[in-house]
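Engineer: Below are the sequence and a predicted model for it; my questions follow.
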Amino acid sequence: MTVREVEHEITVQAPAAEVYRLLAEVENWPRIFPPTLYVDHVEQGANEERIRIWATANGEAKNWTSRRTLDPEALRITFRQEVSAPPVAAMGGTWIIEPLGADESRIRLLHDYRAIDDDPDSLEWIDQAVDRNSRSELAALKTNVELAHASAELTFSFEDTVHIAGSAKDAYDFINEAHLWQERLPHVASVRLEETTPGLQSLEMDTRAKDGSTHTTKSYRVCFPHHKIAYKQVTLPALMTLHTGRWTFEETADGVAATSQHTVVLNTENITRILGPEAGVAEATEYVRTALSTNSRATLGHAKDHAEARR
């Protein structure tokens with residue numbers, strides 16, 4: 001049985017306690033780590049928890065469940081995948097945060113793993129995925145931790161809710177069946193939807209803007225029938241460095257509350273090029289929020305018509 005052990009590390013200009021907090025709070029992960037699509041808690045205790053993670057590895061979307069042990073005093077987090085996704089037979093490791101000074105720390109990321117049937121090709125695939133994801137995770141963690149103080153004004157979240165006199169299932173189905181959006185939604189010019197694993201979708205589409213131009217976006221979506229679809233956009237418009245969101249469907253006394261939620265980090269480098277020399281963060285925030293909200297509300301409106309017609 002071949003167990004591979006590897007270590008990656010990076011130094012960041014941020015206090016060790018702040019780095020630990022970002023890693024401990026898994027809700028942050030889609031914002032911090034490029035491969036991570038969505039994370040949620042299955043169980044949560046004082047220092048022990050089970051989490052489900054959806055992420056891309058070598059361009060393929062995978063999901064798995066991990067157990068984590070949190071040690072805030074030692075600034076260590078150990079993790080172990082409960083059921084790994086093939087070709088991984090077992091995977092675990094440790095985050096170790098070491099203070100180097102008041103505002104500097106070293107992040108060490110340790111992994112141990114083995115391949116199904118000790119297959120050498122599979123082991124090489126895992127080697128590459130772990131190496132690529134670890135480097136990408138640590139580089140992104142460095143960037144995001146160091147920009148944390150500056151990104152507060154560049155990060156915003158909002159949501160739109162529509163009340164539907166129909167069932168959550170019918171409203172959910174409308175959002176889930178994105179392969180039909182080209183026929184169902186006027187602002188969608190074309191759609192390519194893949195769902196190789198049930199509930200895990202890759203959605204690429206061309207949408208029309210008010211001025212008639214079209215732009216292509218790609219997202220990964222994690223679907224929880226019939227109450228939630230969470231997504232992360234991986235090809236981004238020029239004004240965003242991050243866009244995550246979720247569609248939720250909550251039963252109410254007289255139908256369902258369907259909500260579209262967005263979290264965005266602005267790309268300040270492109271603001272003046274796109275919105276003009278006078279534009280700043282406030283104008284970019286308003287522009288992005290309006291564009292996303294317009295499309296979301298239009299989609300929710302059509303979902304409402306669809307669900308109410310099926311009452």
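Structural biologist: Structure's in. What do you need? Because the structure is a prediction, the values reported are computed rather than measured.
Engineer: All the strands of the stretch 1-150 of the chain, in order from the start?
Structural biologist: According to DSSP state E, counting those that start in this stretch, the stretch 1-150 of the chain carries its strands in the segments 4-12, 36-44, 48-57, 60-71, 76-83, 88-101, 104-115.
Engineer: Out of these, flag the one nearest Pro277.
Structural biologist: Among those, the nearest to Pro277 by Cβ to Cβ is strand 4-12 (34.0 Å). All C-beta atoms are positioned from the backbone trio N, CA, C, and that covers glycine.
Engineer: now that closest one: mean pLDDT?
Structural biologist: The pLDDT scores in strand 4-12 average 96.
Engineer: Give me the contact list for it.
Structural biologist: Applying Cβ atoms under 8 Å, 6 or more residues apart in numbering, the external contacts of strand 4-12 come out as 19, 100, 104-114, 123, 126-127, 130-131, 134-135, 138-139, 141-142, 145-146.
Engineer: gap between it and the chain center?
Structural biologist: Distance, stretch centre to chain centre, for strand 4-12: 23 Å (Cα atoms, centre = their mean, to the nearest Å).
Engineer: Count the neighbours of Tyr113 for me.
Structural biologist: Neighbour count of Tyr113, defined by other Cβ atoms under 10 Å: 22.
Engineer: That one contacts Ala85, correct?
Structural biologist: No: counting by Cβ atoms under 8 Å, Tyr113 does not reach Ala85; the two are 11.8 Å apart.
Engineer: so where is the protein shaky, pLDDT-wise?
Structural biologist: Low-confidence segments of the chain (pLDDT under 70): 148-150, 152.
Engineer: which residues touch the most centrally placed residue in it?
Structural biologist: By Cα atoms, centre = their mean, the chain has its centre lying nearest to Leu37, at 3.1 Å. Leu37 makes contact with 30, 54-56, 61, 220, 222, 230-232 under the criterion Cβ under 8 Å, 6+ apart.
Engineer: measure the residue nearest to Ile271 when sequence neighbours are not counted to Thr244 for me?
Structural biologist: Leaving out its chain neighbours, the residue that sits closest to Ile271 by Cβ to Cβ, 6 or more residues apart in numbering is Ala284, at 4.7 Å. Look at Ala284 and Thr244: by Cβ to Cβ, to the nearest Å, they are 18 Å apart.
Engineer: Could you do Arg68 as well?
Structural biologist: Per Cβ to Cβ, Arg68 is found 21 Å from Thr244.
Engineer: Tally up the residues packed near the closest residue to Ala171 other than its chain neighbours, please.
Structural biologist: The shortest distance from Ala171 to any non-neighbouring residue, by Cβ to Cβ, 6+ apart, is to Ala307 (4.4 Å). Applying other Cβ under 10 Å, we find 24 residues neighbouring Ala307.
Engineer: and Ala307, helix, strand or coil?
Structural biologist: Put simply, Ala307 is helix when judged by DSSP: H, G, I helix; E, B strand; the rest coil.
Engineer: give the contact list for it.
Structural biologist: 164, 166-167, 170-171, 174, 256.
Engineer: how far away is it from Asp160?
Structural biologist: Relative to Asp160, Ala307 is positioned 16 Å away (Cβ to Cβ).
Engineer: which residues are contacting the helix or strand where Phe249 lies?
Structural biologist: Per DSSP states H and E, Phe249 falls inside strand 240-252. Strand 240-252 has contacts (Cβ under 8 Å, 6+ apart) with 30-31, 155, 163, 168, 171-172, 175, 226-233, 236, 256-267, 288, 292.
Engineer: Okay, and which of these map to strands?
Structural biologist: Mapping the contacts of strand 240-252 onto strands (DSSP state E) picks out 155, 163, 228-233, 256-266.
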